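*Asks:* Next one to model:
(chains A and B)
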Amino acid sequence: MSHTMILSWVTFIYFISFVLYLFRLITGKEFWGRAASFLAWGGLSAQAIAMIIRWRTSYSLGIGHIPLANLYESMVFFAWTIMLIYLIIEWRTKSKIIGVFVVPIAFLAMAYASIAPGIDNRIEPLIPALQSNWLTSHVITCFMGYAAFAIAFGYGLIYLLKNLDKDKTEKPAGFLEKLPALATLDTLIYQSIALGFVFLTIGIMTGSIWAHYAWGSYWSWDPKETWSLITWLIYAIILHARHVRGWRGKRMAIFALIGFACVLFTYLGVNYLPGLHSYLRT
Amino acid sequence: MSIEKHTMWSFFSSVKLTIAALVLIVLVFIAATFLPPDDVVQTFAHQFSPGAAEIILFFHLSDLYHSPLFYLLMTLLSLNLIICSINRFPALWRQYKAPHFPEPADSFDNLPQSLIVTEAKEVSKIKLIVKSCLEKKYRSSEEVDTEIGSIFYAEKGRFSLFDVCIVHLSILVMIAGAIIGSIFGLEANINIKEGESVNIATLAKGDGIQQLNFSVRCDKFIVEFYEDGTPKTYRSDLSFIKNGQVQRRGTLLVNHPLTFDKIRFYQSSFGAAPEIKATVTYTVAGKKSGSLALAAGDTFDLPDSKARGVVLRVEENFMQMGPAIKLRIISQKKDIQFWVFQQLDNLLAMKPDLLKEMPIFNPGLFTPFVFSIDRVEQTYYTGLHLVRDPGIPLVALGGLLMIVGLIIVFFISYQQFWVRVEKEGAKIRISIAGRSNRNDQQIQKRIDSLCRQINEEMKT
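*Replies:* From the prediction side, this is the model:
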């Protein structure tokens, strides 16, 4: 089975896993949660295997490089890191509720990678600018950051959903009741943002070191650099507002959404602006 | 005066200013990424409205990253960071130096599960156990005796009090590095044709030039492609020449800069030079000459015959007959022109009468010299980017400090523990209290684990 075939299956598995998480949320039966988790772990492993096969295939084509070099490969890796970080959090918090909001992000990333027009899933050789050992550390740290922010986005959505119900005096209806407490969600939003912030910082720095060796300048005001800095500053503002002015709850949730919009623009939107990071342009 | 000073000070130290400056910087960045580059804006503005062009020039809208507006915001942010840090520091220092005894009031009230009551052992022995447990976990401990009993103290991560200071300092260090780099740094470009050397670089900003106190020779430039046509390698073989001597040779690749005389060289571009060069040799009476690299228009002298050669044309593939050059040789008696083919042997094999029909294809037309070509090739120039940036060590230091600072901010806290050992009649009561400078759940876990450890030690 070719790696693209496995990746198609993985996309499907993530979708099923999302549906099962939804069952878990609605019915409240732990069985569905276990099944969803099981599938999610299975998908994660299969995806890892597919990426390794792609890596090996690139070597057999004589253009060997880690599969992190174009939009398709980065999208697949993005989905993988989202699932990885999510499953680690699920394992540590023992709560299978938020899968409903995070797994579909990974599913959408996988689906987008395979069906979006202009995203080429061929293995391409590395152009000279990308032939660097910094490629791996730069891409991995950036996407760990993006994934953590995606998860904060998921928590933010749940928070706002649950918050809708807060003012009602009667007992909350249906599944909203089963969502984690607002205070827990607030902490989880903060923790994911903090994790993402550390990774994004390291990602910007590894990129900067790479730029120093590749372009002769650690900072060139390339649109992607600038947008990564915008994203960094927005999360920095959130963290300051929380620490110094005590922002909690709804404001954090809304900022988690705004921050993730910035992440998406940094990742995808910037490719439509002229700049040095054009390897990702489709 | 002092009030005015006070308001100024509080203006610069307010968090509102930080947030406002950050938000404005973000807006400037967003605008900057959407505004088209300098030249486009200029032409656009000039075509449609000279007034708009003036506004754009005045606000440096086409290059916001180097505009007075951006510099002003960065200055405000830096002042804000410095003054906030100065404001915070004394309190932090007092906290850092604060005595560990007496423990904070109410520390030992309402303690869950961190209480051990025993009557099995002597007080002095229990004290030893508590002390050794604390020291095992937290390296050192302190002890005081009060009327109620003895209190032990241990701590972890006290330096994390300075976490935010470290992060803010790191930003200032990076800004300082960037300023030093922009004032004392050098950024320039040079294009060197293969085989030539250059000692003057064009500055990247403005029209200035920079005289180098050495020269760079491009010995060879190579472009390689993958099978699908994607570029694979851009490579320049360079020699650095100082005081007439080659001091260093090196291969320059993208991602692998070379450094000479504190200037870093980067492979940044390349291009085909207008001319094609042929490597030409000739033989006289069976003796082969050295090779000459000649482009169209070049001249050369032929020894012993007072003749001069001119290269009229250099062709990579002349009339489907392969690489060829056209020469004109002028001596006192003759002025003749003829072609020299690289693959003359092949041509003769296909058409033995070639030279009779076309005497102009005879490379030995100017006797007794017989010319031949080793190769004809496109010459390239390599585009090098030169950088000298004395700010880099500071920027790197800043980056390192920031990572360390952030790791401390998010993952390390200042944890303090007090253990009280008191006699209650025949029993001995051990109470453990702890606190942390952050709202973390770890502290209770640590107290519990300390509790377990003391319990175990007492059993043995």
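*Asks:* drop to CA atoms for contacts and neighbour counts, all remaining ones
*Replies:* Will do.
*Asks:* For the host helix or strand of A:Val139, buried residues please.
*Replies:* If you go by DSSP states H and E, A:Val139 is part of helix A:134-164. Across helix A:134-164, burial judged by 16 or more other CA atoms under 10 Å in any protein chain shown covers A:134-135, A:138-160, A:162-163.
*Asks:* Check stretch A:241-256 too.
*Replies:* By neighbour count on 16+ other CA under 10 Å, the buried set for stretch A:241-256 is A:241-242, A:248-249, A:251-253, A:255-256.
*Asks:* got it, and stretch B:224-232?
*Replies:* Neighbour count says stretch B:224-232 has B:231-232 buried, by 16+ other CA under 10 Å.
*Asks:* and the end-to-end length of it?
*Replies:* This stretch, stretch B:224-232, spans 5 Å end to end (CA to CA, to the nearest Å).
*Asks:* Can you report phi and psi for the closest residue to chain B within chain A?
*Replies:* For chain A and chain B, the shortest gap (CA to the nearest CA) falls at A:Ala214, measuring 4.1 Å. As for A:Ala214, its main-chain torsions (degrees, to the nearest 10) stand at phi -90, psi -40.
*Asks:* Could you report the distance from it to B:Ala285?
*Replies:* 54 Å.
*Asks:* now B:Gly297
*Replies:* Note on B:Gly297: its distance to B:Ala285, by CA to CA, is 27 Å.
*Asks:* Equivalent analysis for A:Phe107, please.
*Replies:* A:Phe107 sits 80 Å away from B:Ala285, going by CA to CA.
*Asks:* Mind checking which of those two has more residues around it?
*Replies:* Comparing A:Phe107 with B:Ala285 by neighbour count (other CA atoms under 10 Å in any protein chain shown), the higher total belongs to A:Phe107, at 25 against 9.
*Asks:* Could you report the neighbour count for B:Gln416?
*Replies:* 20.
*Asks:* oh, I was asking about B:Ser372
*Replies:* By other CA under 10 Å, 22 other residues sit near B:Ser372.
*Asks:* Show me what the helix holding A:Val139 is packed against.
*Replies:* With contacts defined as 3 or more CA pairs under 8 Å, 6 or more residues apart in numbering or on different chains; DSSP states H and E, helix A:134-164 has these neighbours: helix A:71-93, helix A:99-115, helix A:182-214, helix A:250-267.
*Asks:* Rebuild those as JSON lines, extending it with mean pLDDT.
*Replies:* Below are the helices and strands packed on helix A:134-164 laid out as JSON lines (pLDDT from 0 to 100):
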{"stretch": "helix A:71-93", "mean pLDDT": "92"}
{"stretch": "helix A:99-115", "mean pLDDT": "91"}
{"stretch": "helix A:182-214", "mean pLDDT": "93"}
{"stretch": "helix A:250-267", "mean pLDDT": "93"}
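*Asks:* Throw these into TSV and include distance to A:Ile16, thanks.
*Replies:* TSV is the format used below for the helices and strands packed on helix A:134-164 (distance: least, CA to CA, whole Å):
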stretch	distance to A:Ile16
helix A:71-93	14
helix A:99-115	10
helix A:182-214	25
helix A:250-267	25
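*Asks:* pLDDT at the residue nearest the centre of chain A, what is it?
*Replies:* Chain A has A:Ala147 as the residue nearest its centroid, 2.5 Å off, counting by CA atoms, centre = their mean. You'll see A:Ala147 listed with a pLDDT of 94.
*Asks:* is it true that it touches A:Ile82?
*Replies:* Yes: A:Ala147 is in contact with A:Ile82 according to CA atoms under 8 Å; the separation is 4.6 Å.
*Asks:* contacting residues around the residue nearest to the centre of chain A?
*Replies:* Residues in contact with A:Ala147 (CA atoms under 8 Å, 6 or more residues apart in numbering or on different chains) are A:78-79, A:81-82, A:85, A:196.
*Asks:* B:Thr251 touches B:Phe240, doesn't it?
*Replies:* No: contact criterion CA under 8 Å: B:Thr251 and B:Phe240 do not qualify, at 11.2 Å.
*Asks:* which one of these two has more residues nearby?
*Replies:* Here B:Thr251 and B:Phe240 are compared on neighbour count by other CA under 10 Å; more neighbours surround B:Phe240, at 21 against 16.
*Asks:* where in chain B is pLDDT low?
*Replies:* Chain B contains residues with pLDDT under 70 at B:1-5, B:36-46, B:48-62, B:110-114, B:120, B:439-440.
*Asks:* I appreciate the help and will end here.
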